[in-house]
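1. How does the following fold in three dimensions:
(one chain, ligands or ions: 2)
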Amino acid sequence: MTMQINSVQTQPIDGQKPGTSGLRKKTHVFQAPHFLENFIQSIWLGIGGAAGKTLVLGGDGRHFNAEAAQVVLRMAAAEGVARVIVGQNALLSTPAASNLIRKRKADGGIILSASHNPGGPDGDFGVKYNTANGGPAPESVTSTIYDATRTLSEYRIAVAQDVDLSVIGETRLGEMVVDVVDPVTDYAELMAELFDFDAMRAMIAGGFTLRFDAMHAITGPYAKAILEGTLGAPEGSVINAVPLPDFGGGHPDPNPIWAKPLVDEMMGPDAPDFGAASDGDGDRNMIVGRGIYVTPSDSLAAIAANATCAPAYAGGLKGVARSMPTSRALDRVAEKLGLPCYETPTGWKFFGNLLDDGRATLCGEESAGTGSDHVREKDGLWAVLMWLNILAKRQISVKALLEDHWASYGRNYYSRHDYEGVDAAAANALVDDLRAQLGDLPGTQAAGLTIESADDFAYDDPVDGSRSEGQGLRFGFTNGARLVLRLSGTGTEGATLRVYLEQLAEDYDRDPQEALADVIAAAEALAQIKSRTGRDAPDVIT
Ligand code: G1P
Ligand code: ZN
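-> Ligands and ions are numbered 1, 2, ... in the order given. This next block holds a predicted model:
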């Protein structure tokens, strides 16, 4: 039976430029006529056509996930895509999608997610394209997609009923095979290959307690299957485990603000030994020990220092990489272990080449992203399992491990201050004016600190030679402090100014905001954040 295909006349829609991680907009913007369809057709154009290809499809289950997946399937069928491997009920965590693309040798994949941004009719939605290596499309691809959005005049879509995505197995939409798979199985198999599950099972059987907060987002089913199912943690160890379209009204971002109930429990008298959380699409992680919060930068450094505890990394790491604003705690470990350490712009897509080329095994960002060469995305549950594996092997508490780490490497006190929903013109002016002064600043003082270096970070990819400019303003001070300012590329309202603060020290028992007071003052002196944003204090401090 031939399928009817409609060619729909359309015109370019403004604002379809992919940001740090795909295209993110308010859900109602994505639901407006032609918006999603225009972007999907632009993806097909941007990747040189989709006919004959195999694609992976899934999302984090947020509001509009199910409807959007059906649109993608009908447009894929119209385009002549050979096969779409889709998670049951159109669900896949971002790392699980990356794994499926790699394992099934797909040509790419579409992930429906706005990550940690709130969901629901008034929340955010997003679409991300990943390439055949399983990673986010590099800038060369996203800019071709964007160019296509600006000239588009028509999209093609099949006329068909919704495909039943609740049933595992193969069906067809016209000629195209729709292969519905369990979202968890392949991912769980991969984790079992990487980690010493026996040691972790024994630790848990011996009374080690844990709490994983899935924040009503995608990792619930994954964490239930692995932590409670395979590793034997008692039922109830995974909380908020049922994914909901609006994440239960919450903000699925695993940090001390949005995962406060978990952090409070971990600081309380009856705290479990280990606490963790993940975000909307399962690629971020937060690690908390009994009585101690682990910053993502410290988590990355501690994982690097102890990675050989896990079988997959027992032979040692090839190299490590961090995004520029991430603290340099990782660099200290790399130096001691004699490993190459790369500094990349913000966004996971910049790690892809280093991982593909075998230059780095472990990568991380200060924004709660950690991962390795097992997939090409950051991976929340992977980081949790890595920590559990390390603790099981070293037979040590999170707190003792961290203190031991600081005692041997020193501590990089670190914090990020976010000013959200700032007037875009004011935020741009703040950054532009500061950028214009960069050349004159070295040797001068800011609130008593002497500026040693000041630049606008640019990255030359050592693998493909591409150059990415304008990636954030960096200031180094003579006392070992560092300050970075940049504007977010994932927000959907106004501008978000991120101020990253770091101070190296040999002690490790001060409150980070106190330890960073001088560099916080220097940031204000350099950028006049209060008067320019009209804010007395950051909206979010992590
Ligand atoms: C933020 C984080 C960045 C991360 C991205 C996607 O981007 O800062 O590290 O890769 O989300 O999760 P930003 O909003 O700062 O552009
Ligand atoms: Zn995410």
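2. For the rest of this, base every contact and every neighbour count on C-alpha atoms.
-> Fine.
3. What residues of stretch 20-31 count as buried?
-> 20-28, 30-31 (16 or more other CA atoms under 10 Å).
4. residues in contact with the least confident helix or strand in the chain by mean pLDDT?
-> The helix or strand with the lowest mean pLDDT-type score in the chain, counting by mean pLDDT, DSSP states H and E, is strand 540-541 (a mean of 90). For strand 540-541, the surrounding residues in contact (CA atoms under 8 Å, 6 or more residues apart in numbering) are 257, 415-420.
5. where in this protein is pLDDT low?
-> With pLDDT under 70 as the threshold, the chain has low-confidence stretches at 1.
6. Could you tell me which residues make contact with the residue in it positioned nearest to ligand 2?
-> At 3.6 Å from ligand 2, Ser115 is the closest residue in the chain, using CA to the ion. By CA under 8 Å, 6+ apart, Ser115 lies in contact with 60, 126, 252, 279-283.
7. repeat for Glu403
-> Residues near Glu403 by CA under 8 Å, 6+ apart: Tyr508.
8. And it, how far from Met386?
-> 18 Å (CA to CA, to the nearest Å).
9. can you tell me which helix or strand Glu452 belongs to?
-> strand 449-456 (DSSP states H and E).
10. That strand pairs with which strands?
-> strand 445-446 (antiparallel), strand 473-477 (antiparallel) (DSSP bridges).
11. Need the winner for burial among these.
-> Comparing the strands paired with strand 449-456 by mean neighbour count (mean count of other CA atoms under 10 Å), strand 473-477 ranks first with a mean of 21.
12. Return the distance of it from the chain's centre.
-> Computed by CA atoms, centre = their mean, to the nearest Å, the chain-centroid distance of strand 473-477 equals 25 Å.
13. cool, stretch 217-231 as well?
-> Per CA atoms, centre = their mean, the displacement of stretch 217-231 from the mean C-alpha position of its chain is 19 Å.
14. List the buried residues for it?
-> Going by 16+ other CA under 10 Å, stretch 217-231 has these buried residues: 217-228, 230-231.
15. go on, stretch 454-468?
-> By 16+ other CA under 10 Å, the buried positions in stretch 454-468 come out as 454-459, 461.
16. Same list, these, but only the ones touching ligand 1.
-> When contact is defined as CA under 6 Å from any ligand atom, these do not meet ligand 1 at all.
17. nearest to Leu355, of these?
-> For Leu355, the closest of those turns out to be Asp461, at 12.2 Å, with distances computed as CA to CA.
18. what sits against the closest residue to the closest one other than its chain neighbours?
-> The shortest distance from Asp461 to any residue that is not its chain neighbour, by CA to CA, 6 or more residues apart in numbering, is 6.3 Å, and that residue is Arg467. If you count contacts by CA under 8 Å, 6+ apart, Arg467 has them with 458-461.
19. And these, which is closest to Pro138?
-> Nearest to Pro138 out of these is Asp461 (CA to CA; 11.4 Å).
20. just to revisit the earlier point, the strands paired with strand 449-456 into JSON lines, with extra columns for distance to ligand 2?
-> Supplementary listing: the strands paired with strand 449-456 in JSON lines, determined by distance: least, CA to the ion, whole Å:
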{"stretch": "strand 445-446", "distance to ligand 2": "35"}
{"stretch": "strand 473-477", "distance to ligand 2": "24"}
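21. got those as a markdown table, with distance to Arg510 columns?
-> Listed next are these as a markdown table, based on distance: least, CA to CA, whole Å:
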| stretch | distance to Arg510 |
| --- | --- |
| strand 445-446 | 23 |
| strand 473-477 | 20 |
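22. out of those strands, nearest to Ala329?
-> Distances from Ala329 to each of these were compared by CA to CA, and the smallest falls on strand 473-477, at 15.3 Å.
23. And for that closest one, what's in contact with it?
-> Under the criterion CA under 8 Å, 6+ apart, residues 431, 435, 449-457, 482-486 lie in contact with strand 473-477.
24. Most neighbours of all the residues you listed, which one?
-> For those, neighbours were counted by other CA atoms under 10 Å; the highest total belongs to Arg482, with 26 neighbours.
25. Give me the angle between the strand or helix carrying that residue and strand 449-456.
-> Taking DSSP H and E as the definition, one finds Arg482 inside strand 481-487. Angle between the axes of strand 481-487 and strand 449-456 is 40 degrees (criterion: axes from the mean of the first three to the mean of the last three CA atoms, to 10 degrees).
26. Tell me which strands strand 481-487 pairs with, and in which orientation.
-> Its sheet considered, strand 481-487 pairs with strand 473-477 (antiparallel), strand 495-505 (antiparallel) by DSSP bridges.
27. Quick one: check that strand for contact with ligand 1.
-> No - using CA under 6 Å from any ligand atom, strand 481-487 never reaches ligand 1; the gap is at least 6.7 Å.
28. can you check stretch 533-542 too?
-> No - using CA under 6 Å from any ligand atom, stretch 533-542 never reaches ligand 1; the gap is at least 11.5 Å.
29. which bits of the chain sit near ligand 2?
-> Neighbours of ligand 2 within the chain, by CA under 5 Å from the ion: 115, 281, 283.
30. tell me which of these is nearest to ligand 1?
-> The closest of those to ligand 1 turns out to be Ser115 (CA to the nearest ligand atom; 6.5 Å).
31. check which helix or strand covers the closest one.
-> Using DSSP H and E, Ser115 sits in no helix or strand.
32. what's the answer for Asn6, then?
-> Here Asn6, judged by DSSP H and E, is contained in strand 5-9.
33. and what of Leu526?
-> Here Leu526 sits within helix 517-527, counting by DSSP H and E.
34. And Ser143, by the same measure?
-> Using DSSP H and E, Ser143 maps to helix 139-149.
35. How many residues are close by the nearest residue to Phe208 once chain neighbours are set aside?
-> In space, Phe208 comes closest to Asp273 once its chain neighbours are excluded; the distance is 6.2 Å by CA to CA, 6+ apart. Here the number of neighbours of Asp273 (other CA under 10 Å) works out to 18.
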